[in-house]
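Asks: Let's see this in three dimensions:
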Amino acid sequence: MGNKKQECGEARDKEVAALREANRVLQQELAQAELTLRVIPSAALSLDLNGKITSWNNKAERVTGFNREEVLGHSCDIFVLPPCSQECCAFVDDQGEPLMGRVCQIKTKAGKVRSVSKNTDLLKAPDGIVTGAVVTFRDITEQLEVELQLRTERDKFRGILSALDQGMHILNRDYVIEYQNEILRRTFGDKIGEKCYEVYKQRDKPCEVCRMHAAIERNEIQRTEEIMSDRRHYEQSYVPFADVDGQTKALILLRDVTEEKMYRAETMRAGQLASIGELAAGVAHEINNPINGIINYAQVLLDDSSQVSLEGEAGHPVQREMLDRIIKEGERIAYIVRNLLFFARQREEEAEVVAIEAIIHDSLSLIKHQLQKDGVIIHTDIPEDLPAIKVHPQQLQQVFLNLLSNARYALNQRYPGRDPGKRVEIRCQVVQSQGHAVLRTEITDYGSGIPPELLTQIFEPFFSSKKPGEGTGLGLSISAGLVKDFQGELRVESELGEHTTMIVDLPAFEE
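Replies: A predicted model of the protein is given here:
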């Protein structure tokens, strides 16, 4: 009996000791939890199942202005503003994972409204029963204000760039594109992460003269003008800057100046033609007077020679033939001068209904002597029943002169001397396009041809495959613009080393 009592006492002592140890561990864990709650950088609180605040750390006090005694036992709506105060997210039936980064608003004790980012998780007993919740939050008011300011400035910057209609990208020292604006993305596609020389220049290595590196190394803005991979002219500005990662990079602005250069070229060409017209007018008077005198004197001599023959004296056939030739050559010179004046004179007039044959004939009369001198053989195939066209005659003549001049250059490149293959063919025919009659003129030279990679560039302003000093690169671009003004089209077909055909399509005139 005594042993049994002793055993019971020992068992009670063990239970008491175990309870004391469990209580000690619990108190220790509570102290650690309280310490953790106090020292974590975020504001933190805990809730019971009724949504009452059971703990409150120092950071929560600094953020809200409420001390521990003012909030313990109270609901969160003492400082939380709707909708969080009305729809508490701490206890929801379907919450399986912690709720992270929910943005809501609180009202401090001083009455100020602040934005906070809140994280919430459930407290559970060892048997899985929910006993409460832990909430942490941090004040992100200044962060949101900075982000809003950055977005506003970014939107302003984008608006300015859009208004300026300029492309922009950022490059690092390794030629990698780190940023593109929408204008460049529309033109070249999304090329972030790729090399600039591959995207914009279609090269397999960096450019010999890199403006980006020059801007970074000299720490000054660099400017240039280049043709990019889309075959358009861009005015470029390279601006060095220090990025947030500490690296010096370059911001590049690109402005498409293709049309501007074209207008400038047309203006320059118009000025040149105006000067030629003034010069030709003065020269024409100087040439016409002696030419008319030569023609008249030769006619007098020819008349005298004919009179002598009528009176029965021996005539001089060779002399009469020479006089007749002098008259014809003089008249030809006068005709060329008149055509030159007609071509060079800049007149503000309406388009005229004309025959294509007459314009081609006038064009050939101006350049035919040069073609014959170089040994170029001319073949024409112009039917008589072609429809008329409505154009500015001198402008279309300018187009044909330019095409014939280019054909002569290509033939001289392939055949420096005379050769049976050194020929130009001019053909006219009527074709149908979209239900309308189109008068097509083809000028084919059997010269050196055009490389396939250049076919898309020959109509660009200032592009020329000729040697420096032999061409301005303006002829075809201006010719294409003139034909377009006539509601027509100028295009090219070529086979390298064989031939080149320039095709001028103009709408037939309809009453």
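Asks: Report the spatially closest residue to the residue most central in space within the chain, excluding sequence-adjacent ones.
Replies: Centroid check for the chain by CA atoms, centre = their mean gives T187 as the closest residue, at 4.6 Å. In this structure, T187 finds its nearest non-sequential neighbour in D230, 6.1 Å apart by CB to CB, 6 or more residues apart in numbering. Every C-beta, even on glycine, is put in place using the N, C-alpha and C of the backbone.
Asks: do I192 as well
Replies: I177 (5.5 Å).
Asks: Check for me that that neighbour belongs to a helix.
Replies: No: the assignment for I177 (DSSP: H, G, I helix; E, B strand; the rest coil) gives strand, which keeps it out of a helix.
Asks: so it makes contact with V199?
Replies: Yes: using CB atoms under 8 Å, I177 makes contact with V199 at a distance of 6.6 Å.
Asks: so what sits against both of these two?
Replies: K191 (CB atoms under 8 Å, 6 or more residues apart in numbering).
Asks: quick one: contacts of stretch 244-256?
Replies: Residues contacting stretch 244-256 (CB under 8 Å, 6+ apart): 164-173, 178, 184, 212, 215-216, 219, 228, 232-243.
Asks: Could you identify the buried members of these?
Replies: 166-172, 184, 212, 215-216, 228, 232-240 (16 or more other CB atoms under 10 Å).
Asks: Which parts of the protein are helices?
Replies: Ranges of helices in the chain, per DSSP state H, are 2-39, 58-64, 68-71, 141-164, 182-188, 196-200, 211-218, 258-310, 317-344, 356-373, 393-414, 475-485.
Asks: By mean pLDDT, show me the worst of the ones you listed.
Replies: When those are compared on average pLDDT, helix 2-39 comes out lowest at a mean of 65.
Asks: Check the gap between D139 and A43 for me.
Replies: Using CB to CB, to the nearest Å, D139 is found at 8 Å from A43.
Asks: if you count what's nearby, which of those two comes out ahead?
Replies: Neighbours were counted for D139 and for A43 using other CB atoms under 10 Å; A43 has more, 23 against 19.
Asks: What separation is there between that one and I443?
Replies: For A43, the distance to I443 - CB to CB - is 84 Å.
Asks: go on, T120?
Replies: Using CB to CB, one gets 81 Å for the distance from T120 to I443.
Asks: what residues are up against the nearest residue to R418 once chain neighbours are set aside?
Replies: Spatial nearest neighbour of R418, excluding adjacent residues (CB to CB, 6+ apart): G375 at 3.5 Å. Contacts here follow CB under 8 Å, 6+ apart; on that basis G375 touches Y415, G417, R418, D419, K422.
Asks: Same question for E226.
Replies: E226 makes contact with K201, H233, Y234, Q236 under the criterion CB under 8 Å, 6+ apart.
Asks: Kindly report the same for V391.
Replies: So V391 contacts A351, E352, V354, I359, F486, L506 (CB under 8 Å, 6+ apart).
Asks: if I read this right, the fourth one contacts L396, doesn't it?
Replies: Yes: contact status for I359 versus L396: in contact at 5.3 Å, counting by CB under 8 Å.
Asks: Mind checking which of those two has more residues around it?
Replies: More crowded of I359 and L396, by other CB under 10 Å: L396, with 26 against 20.
Asks: could you list every residue that touches the more buried one?
Replies: I359, I389, L482, F486, L506.
Asks: Can you redo these as JSON lines, where the extra columns are distance to I129?
Replies: Shown next, in JSON lines, are the contacts of L396 (distance: CB to CB, whole Å):
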{"residue": "I359", "distance to I129": "100"}
{"residue": "I389", "distance to I129": "95"}
{"residue": "L482", "distance to I129": "89"}
{"residue": "F486", "distance to I129": "89"}
{"residue": "L506", "distance to I129": "91"}
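Asks: Using neighbour counts, pick out the buried residues of stretch 439-459.
Replies: For stretch 439-459, a neighbour-count test (16+ other CB under 10 Å) marks 439-450, 457-459 as buried.
Asks: er, stretch 123-140 actually
Replies: Within stretch 123-140, the residues that count as buried by 16+ other CB under 10 Å are G132, A133, V134, V135, T136, F137, D139, I140.
Asks: mind listing what I359 touches?
Replies: The neighbours of I359, taking CB under 8 Å, 6+ apart as the test, are V391, P393, L396, Q397, F400.
Asks: Distance of it relative to E266?
Replies: Applying CB to CB to I359 and E266 gives a distance of 21 Å.
Asks: repeat for M212
Replies: In this view, M212 and E266 are 33 Å apart by CB to CB.
Asks: do F188 as well
Replies: Distance of F188 to E266, computed by CB to CB: 28 Å.
Asks: go on, E498?
Replies: Separation of E498 from E266 (CB to CB) stands at 33 Å.
Asks: for A358, same thing?
Replies: As judged by CB to CB, A358 and E266 stand 26 Å apart.
Asks: before we move on, what about R325?
Replies: 43 Å.
Asks: for D505, same thing?
Replies: According to CB to CB, D505 and E266 sit 21 Å apart.
Asks: cool, L45 as well?
Replies: According to CB to CB, L45 and E266 sit 76 Å apart.
Asks: Give the buried residues for stretch 424-440.
Replies: Using 16+ other CB under 10 Å as the test for burial, stretch 424-440 gives V424, E425, I426, R427, C428, V438, L439, R440.
Asks: Now do the contacts for the third one.
Replies: With contacts defined as CB under 8 Å, 6+ apart, the neighbours of I426 are I360, I378, H379, T380, D381, I382, T441, E442, I443.
Asks: Ok, the fifth one next?
Replies: With contact set as CB under 8 Å, 6+ apart, C428 has these partners: I356, E357, I360, D381, I382, P383, L386, L439, R440, T441, E442.
Asks: got it, and the second one?
Replies: With contacts taken as CB under 8 Å, 6+ apart, E425 has the following neighbours: H379, T380, D381, E442, I443, T444.
Asks: Redo these as TSV? Include distance to Y409.
Replies: What follows is the contacts of E425, written out as TSV (distance: CB to CB, whole Å):
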residue	distance to Y409
H379	19
T380	20
D381	23
E442	18
I443	13
T444	15
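Asks: closest to C84 among these?
Replies: E442 (78.9 Å; CB to CB).
Asks: so that closest one makes contact with M502?
Replies: Yes: the criterion here is CB under 8 Å, and E442 meets it with M502 at 7.3 Å.
Asks: hmm, back to that, neighbour count: L45 and E266, which is higher?
Replies: More crowded of L45 and E266, by other CB under 10 Å: L45, with 23 against 16.
Asks: got the domain boundaries for this protein?
Replies: 1-35, 40-139, 145-256, 258-346, 353-511 (automatic domain parsing).
Asks: any idea how far F509 lies from A351?
Replies: Distance, F509 to A351, by CB to CB: 10 Å.
Asks: one step back: so which pair among the buried residues of stretch 439-459 is furthest apart in space?
Replies: Across the buried residues of stretch 439-459, no pair lies farther apart than L439 and S448, at 28.5 Å, counting by CB to CB.
Asks: about what we covered before: out of the buried residues of stretch 123-140, name the ones that lie in strands.
Replies: Counting by DSSP state E, the buried residues of stretch 123-140 place G132, A133, V134, V135, T136, F137, D139 in strands.
Asks: so the fifth one bridges to which residues?
Replies: Right, T136. Listed by DSSP bridges, the beta-bridge partners for T136 are A44, N119.
Asks: pLDDT score for the residue lying closest to A110 once chain neighbours are set aside?
Replies: With CB to CB, 6+ apart as the criterion, A110 has its nearest non-adjacent residue at 5.5 Å, and that residue is G65. With respect to pLDDT, G65 scores 93.
Asks: still on that earlier bit, could the buried residues of stretch 123-140 go into a markdown table alongside distance to E10?
Replies: Output for the buried residues of stretch 123-140, formatted as a markdown table (distance: CB to CB, whole Å):
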| residue | distance to E10 |
| --- | --- |
| G132 | 38 |
| A133 | 43 |
| V134 | 41 |
| V135 | 46 |
| T136 | 47 |
| F137 | 52 |
| D139 | 57 |
| I140 | 60 |
